[in-house]
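K.L.:
Fold the following and give me the result.
(2 chains)
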Amino acid sequence: MLQVAQIRENLAAYTEALTKRNIEAAPILEKAIALDETRKSTQATLDAKLAESNKLSKEIGMLFKSGKGAEANELKAKTGTLKEETKELGEVLNSTIEELNALLYTIPNIPNETVPAGNSDEDNEEIFVEGDIPKLHDGALPHWELAKKYDLIDFELGVKIAGAGFPVYKGKGARLQRALINYFLDKNTAAGYQEVQVPHLVNEASGYGTGQLPDKEGQMYHVTGDDLYLIPTAEVPVTNIFRGELLQESELPVTLTGYTPCFRREAGSYGAHVRGLNRLHQFDKVEIVRVEKPENSYAALDGMVEHIKDILRELKLPYRILRLCGGDLGFTSALTFDFELFSTGQDRWLEISSASNFEAYQANRLKLRYKNSDGKNILAHTLNGSSLALPRVLAGILENYQTPEGIKIPEVLVPYCGFDIIN
RNA sequence: GGAGAGGUGGCAGAGUGGUAAUGCAGCAGCCUGCUAAGCUGUCAUCCUUCGGGAUGCCCGGGUUCGAAUCCCGGUCUCUCCGCCA
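P.N.:
Numbering: from 1, shown residues only, chains lettered A, B, ... in the order given. Here you go, the predicted structure:
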């Protein structure tokens, strides 16, 4: 969440920046400042009363010690009204803080100055395109047909076991997916990211820490019996490793990578664009997460983008990079680059990665700080990116590498697969 | 699931009703010719008119003039038992 001190200092700039998200922010931001003023003045009054009360208590203690019980009892009588007043003020203070926090949770992150204005994904800015779009033979198929033809993925079987959006991968399909996971992890660790394996269920505090709660409550599967959430992305458990942590400056940057399944309810998403692997309730993803000093976070984001480019080049897949517009930017993100892969079988772009800088927005919720050289505790910046999301990369490989003889395996994956063609 | 013990600063660790010791690590300065030590300061959060003040001992309540300390509820960890990949 945003810091009130920052809101106060940058009111005009924040209001302006939030118009990119199509939010009329002025009244909300001003209310936050007003609530904070109330909080401060209530706190000041309360502190003064408490100081008085503490002083009396000390005196009473001294008097009892020196055997002046009568005088002590006299003083005791004075504390009654003070006690009532502090109790009332305390209640006002608590409800003010609660109201302020609830309000802050509803305010999204401030978009970076480079974020273009816009309403939807149509307004995203294409900043980079690379790779050749293959010319396919006649009778080329979309991946869901290929999956059936070569018996790689069984969508109906998944329906029987769980429901729509929970596919069963079989044989070479399963092996290809596992190959991709291992390849991604190897690429990430070779680039210096430390591999972690994390829980796939998280508690409520973790959901709040990275911002999925309360904003996206309905998008996560909720295990009500134990009040846990199935992770929608590894971002949640991996970033929450650092919830409440105070790091030494020398520990930064932190760079982690992890493979997890991801669970998303995707309520209300149906239609042609969700066929096959395009949109699932359960899918696999390899994620990279960084914790950075504020002054380094944008360079780190660029580094993540270059790293993902490198992977897509090795896989020889045609892709483009978009700078998300304000209307499409995630709630907690200040700047996001989406990677899209061209799906020849469907003749459209598919999102396969999203790399974001959250600046201090998550860190403020997480209470993730580091001690700088002046001994001050500074909120760190957090970043994450997919490197990469499995199903659509798998779909892209099936579609773009199909030939009349079968589906060729990208060269870098052959050692991971143990075969070079699916036929 | 049952029983018991426990949760104190970045870390370790005292403190059983009178207002959070000490050590280590970090940071700043001073000093000393020996791989570093010593000394001083700093080292949780908020407010401040920069004098201070308040909060903070897992979380939330309660008792008390006063709670890390006593009481109630919750939560997590550890040990033993049970179950079990």
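
K.L.:
Excluding sequence neighbours, find me the nearest residue to the residue of the stretch 151-300 of chain A found nearest RNA strand B.
P.N.:
Here the stretch 151-300 of chain A gets closest to RNA strand B at one residue, A:L246, 4.2 Å apart by CB to the nearest atom of the strand. Every C-beta, even on glycine, is put in place using the N, C-alpha and C of the backbone. Once flanking residues are discounted, A:L246 sits nearest to A:R369: 5.3 Å by CB to CB, 6 or more residues apart in numbering.

K.L.:
Mind listing the residues bridging to the one you found?
P.N.:
Here A:R369 shows beta-bridge partners A:L246, A:L379, assigned using DSSP bridges.

K.L.:
Could you check the pLDDT of A:A272?
P.N.:
A:A272 carries a pLDDT value of 63.

K.L.:
same thing with A:S269?
P.N.:
Here, the pLDDT recorded for A:S269 equals 61.

K.L.:
what's the answer for A:I352, then?
P.N.:
With respect to pLDDT, A:I352 has a value of 95.

K.L.:
how about it, secondary structure?
P.N.:
For A:I352, the assignment made with DSSP: H, G, I helix; E, B strand; the rest coil gives strand.

K.L.:
Verify the stated contact: it with A:R392.
P.N.:
Yes - between A:I352 and A:R392 there is a contact at 4.8 Å, judged by CB atoms under 8 Å.

K.L.:
what residues do the two have in common as contacts?
P.N.:
With contacts taken as CB atoms under 8 Å, 6 or more residues apart in numbering, A:I352 and A:R392 have A:L341 as neighbours in common.

K.L.:
what's near enough to touch the residue in the stretch 301-423 of chain A positioned nearest to RNA strand B?
P.N.:
Closest contact between the stretch 301-423 of chain A and RNA strand B, by CB to the nearest atom of the strand, is at A:N377 (3.8 Å). Neighbour list for A:N377: A:246, A:369-371 [criterion: CB under 8 Å, 6+ apart].

K.L.:
likewise A:Q346?
P.N.:
A:Q346 makes contacts with A:142-143, A:278, A:399, as judged by CB under 8 Å, 6+ apart.

K.L.:
and the spatially closest residue to A:K316 that is not a sequence neighbour, how many neighbours does it have?
P.N.:
Counting by CB to CB, 6+ apart, A:K316 lies nearest to A:P410, which is 6.0 Å off, once chain neighbours are set aside. With neighbours defined by other CB atoms under 10 Å, the count for A:P410 comes to 20.

K.L.:
Kindly report the same for the one 4 residues further on.
P.N.:
With neighbours defined by other CB under 10 Å, the count for A:V414 comes to 14.

K.L.:
next one: A:P142
P.N.:
A:P142 has 20 nearby residues by other CB under 10 Å.

K.L.:
Backbone dihedrals for the closest residue in space to it that isn't next to it in sequence, please?
P.N.:
Of all residues not flanking A:P142 in the chain, A:G345 sits nearest, at 3.9 Å (CB to CB, 6+ apart). Taking degrees, to the nearest 10, you get phi -70, psi -20 for the backbone angles of A:G345.

K.L.:
Would you confirm that A:G345 contacts A:L146?
P.N.:
Yes - with contact defined as CB under 8 Å, A:G345 counts as touching A:L146 (7.3 Å).

K.L.:
Need the overlap of contacts for those two.
P.N.:
A:398-399, A:402.

K.L.:
show me what contacts the residue nearest to A:K316?
P.N.:
By CB under 8 Å, 6+ apart, the neighbours of A:P410 are A:314-317, A:397, A:401.

K.L.:
Can you add secondary structure and give these back as JSON lines?
P.N.:
As requested, the contacts of A:P410 are exported to JSON lines (three-state DSSP):
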{"residue": "A:E314", "secondary structure": "helix"}
{"residue": "A:L315", "secondary structure": "helix"}
{"residue": "A:K316", "secondary structure": "coil"}
{"residue": "A:L317", "secondary structure": "coil"}
{"residue": "A:I397", "secondary structure": "helix"}
{"residue": "A:Y401", "secondary structure": "coil"}
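
K.L.:
nearest to A:G192, of the residues you listed?
P.N.:
For the contacts of A:P410, the minimum distance to A:G192 (CB to CB) is 17.1 Å, reached by A:E314.

K.L.:
Spatially nearest residue to that closest one, not counting backbone neighbours?
P.N.:
Nearest to A:E314 is A:V412, by CB to CB, 6+ apart, at 4.9 Å.

K.L.:
Which pLDDT value belongs to the one you found?
P.N.:
The model's pLDDT for A:V412 equals 97.

K.L.:
Could you tell me how many residues sit around it?
P.N.:
Neighbourhood size, A:V412 [other CB under 10 Å]: 16.

K.L.:
That one in helix, strand or coil?
P.N.:
Classified using three-state DSSP, A:V412 is helix.

K.L.:
again with the one 3 residues further on
P.N.:
The assignment at A:P415 comes out as helix when based on three-state DSSP.

K.L.:
Which pLDDT does the model give it?
P.N.:
So A:P415 comes in at 98 (pLDDT).

K.L.:
count of residues packed around it?
P.N.:
12.
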